[in-house]
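J.: Could you look at this predicted model? Sequence included:
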Amino acid sequence: MKKTTLFFSVIIFGNLLSLQAQNTFSFEADEGYSLGEVHGQQGWEAENTFTSLFVISDVHSSDGDYALKGQVDAAVNVGGNELPGITNSTLAIGSGNLSVSMDLYLETPNQTGAMDLFASAIDDSSASPRLAFVNGFIVVVDIDPQNPTDYDFDQVGFFEYNTWLSYRAEYDFTAGQVAYYVNDELLYTGAINNLSQFNKLCFFFLNQGDFYVDNVSLQETGLSIENINTQDFTYHLSNSNGVLTLSSNNRQITSVEIFNILGQEVNHSRGNNSKQVLVDMASYKEGVYIVRTSFTSGEQNSFKILKD
């Protein structure tokens, strides 16, 4: 089985799914799954050293009784840069625009832990940005396609352990873009490299904290990233007076929350249902902040801002 060098020194597994207009599954008994190691079930194959790390479990599930679990096994040594894989023998290629969604549950890790997922090309050469869930932070891992060992890390949000969250990725292969959502909140939009179709769904983890995956859906869509990400919302941080201006032409702002890099809330301002809100950041320390804006429609916008 091919091994590849990737970030986090983690375990990789890929599901090569038979993709039609829509493909949904929840790892249930009526789909042919049974409790225990997923290796050997429904075409899943893994290197023997790592079969104990991936099981069908009934401990947590968001839909039905079972879920796919990545579980800590202290007897398994995970280290180095060579990453073994677990794959399904069925290869399918998705075309057009695609929405990939699933429910995720991450337990508090025993040590510094991470779980990471992304869509990849057959030969793993796409080097496309992917989301990682690390110590309460949601991070975009962006790989330089010219130098696969060179990574950029960009914090785009936060998550809570020990609760279900929803993950969705909208791929526009024509435009060469992907949009990532967590709990229906747009966290990141960026370019995908050398990826013209969906081939493989991959997960990573450090063997230091259990995670669960359930209610997976892959659906071809007619939407484009441009349509998904069109919002009448602008923001600007003035260098002269430190005032952050948030404006919307058609939506009323109910609140603005600002978090520091540690995930601590440093400001919560009422929007008073107006279309423009000013936040004084003059006294804030230099650094990166996450701003979350809520609207009367129930929508939210989140973005990163640098105060210098």
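T.: In hand now; what should we look at?

J.: distance of Phe211 from Asn77?
T.: Counting by C-beta to C-beta, to the nearest Å, the gap from Phe211 to Asn77 is 19 Å. In short, each C-beta sits where N, CA and C put it, glycine included.

J.: Looking at those two, which one has more neighbours?
T.: Between Phe211 and Asn77, counting by other C-beta atoms under 10 Å, Phe211 is the more crowded of the two (24 against 9).

J.: okay, now Val72: neighbour count?
T.: Neighbour tally, Val72, other C-beta under 10 Å: 20.

J.: Flag the shaky bits of the stretch 151-300 of the chain, pLDDT-wise.
T.: The model of the stretch 151-300 of the chain has pLDDT under 70 over residues 151, 193-202, 221-231, 261-263.

J.: quick one: the helices in it?
T.: With DSSP state H, counting those that start in this stretch as the definition, the stretch 151-300 of the chain shows helices at residue ranges 225-228.

J.: quick one: the strands in it?
T.: Here the stretch 151-300 of the chain has its strands, by DSSP state E, counting those that start in this stretch, at 164-172, 177-182, 185-191, 200-205, 211-221, 233-237, 243-248, 253-259, 265-274, 276-280, 287-295, 300-307.

J.: Domain boundaries for the chain, per the record?
T.: The chain resolves into domains spanning 4-223, 233-307 when parsed by automatic domain parsing.

J.: Buried deepest among these, which one?
T.: Most buried of the domains of the chain by mean neighbour count (mean count of other C-beta atoms under 10 Å) is domain 4-223; its value is a mean of 18.

J.: Double-check that Ser52 belongs to a helix.
T.: Yes: per DSSP: H, G, I helix; E, B strand; the rest coil, Ser52 lies within a helix segment.

J.: Which of the helices or strands spans the spatially closest residue to Gly157 that is not a sequence neighbour?
T.: What sits nearest to Gly157 in space, not counting adjacent residues and going by C-beta to C-beta, 6 or more residues apart in numbering, is Ile138, at 4.0 Å. Here Ile138, judged by DSSP states H and E, is contained in strand 137-144.

J.: so what does that strand touch, helix or strand wise?
T.: Secondary structure elements in contact with strand 137-144, counted by 3 or more C-beta pairs under 8 Å, 6 or more residues apart in numbering; DSSP states H and E, are strand 130-134, strand 147-158, strand 185-191.

J.: could I get these as TSV with distance to Phe173?
T.: Compiled in TSV, the helices and strands packed on strand 137-144 are given as follows (distance: least, C-beta to C-beta, whole Å):
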stretch	distance to Phe173
strand 130-134	16
strand 147-158	21
strand 185-191	12
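
J.: looking at the ones you listed, which is closest to Leu106?
T.: Leu106 lies closest to strand 130-134 among the helices and strands packed on strand 137-144, at 5.8 Å (C-beta to C-beta).

J.: circling back to that earlier point, save the strands of the stretch 151-300 of the chain as TSV, and put in distance to Pro129 too.
T.: TSV is the format used below for the strands of the stretch 151-300 of the chain (distance: least, C-beta to C-beta, whole Å):
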stretch	distance to Pro129
strand 164-172	10
strand 177-182	7
strand 185-191	5
strand 200-205	13
strand 211-221	19
strand 233-237	22
strand 243-248	26
strand 253-259	22
strand 265-274	27
strand 276-280	29
strand 287-295	18
strand 300-307	14
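
J.: Among these, which comes closest to Leu68?
T.: Closest approach to Leu68 among the strands of the stretch 151-300 of the chain (C-beta to C-beta): strand 211-221, 4.5 Å.

J.: What strands flank the closest one, and is each parallel or antiparallel?
T.: strand 22-25 (antiparallel), strand 67-70 (antiparallel), strand 97-106 (antiparallel) (DSSP bridges).

J.: ok so, going back, ok, which of the strands of the stretch 151-300 of the chain comes nearest Tyr33?
T.: Among those, the nearest to Tyr33 by C-beta to C-beta is strand 211-221 (11.5 Å).

J.: Could you pull up the residues touching the nearest residue to Asp280 once chain neighbours are set aside?
T.: Leaving out its chain neighbours, the residue that sits closest to Asp280 by C-beta to C-beta, 6+ apart is Val243, at 5.7 Å. Val243 is in contact with 237, 278-282, counting by C-beta atoms under 8 Å, 6 or more residues apart in numbering.

J.: Format the residues you listed as TSV; extra columns: distance to Glu299.
T.: TSV is the format used below for those (distance: C-beta to C-beta, whole Å):
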residue	distance to Glu299
Leu237	22
Leu278	20
Val279	19
Asp280	25
Met281	23
Ala282	28
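
J.: just those now: which is nearest Tyr289?
T.: Set against Tyr289, the nearest of those by C-beta to C-beta is Met281 (7.8 Å).
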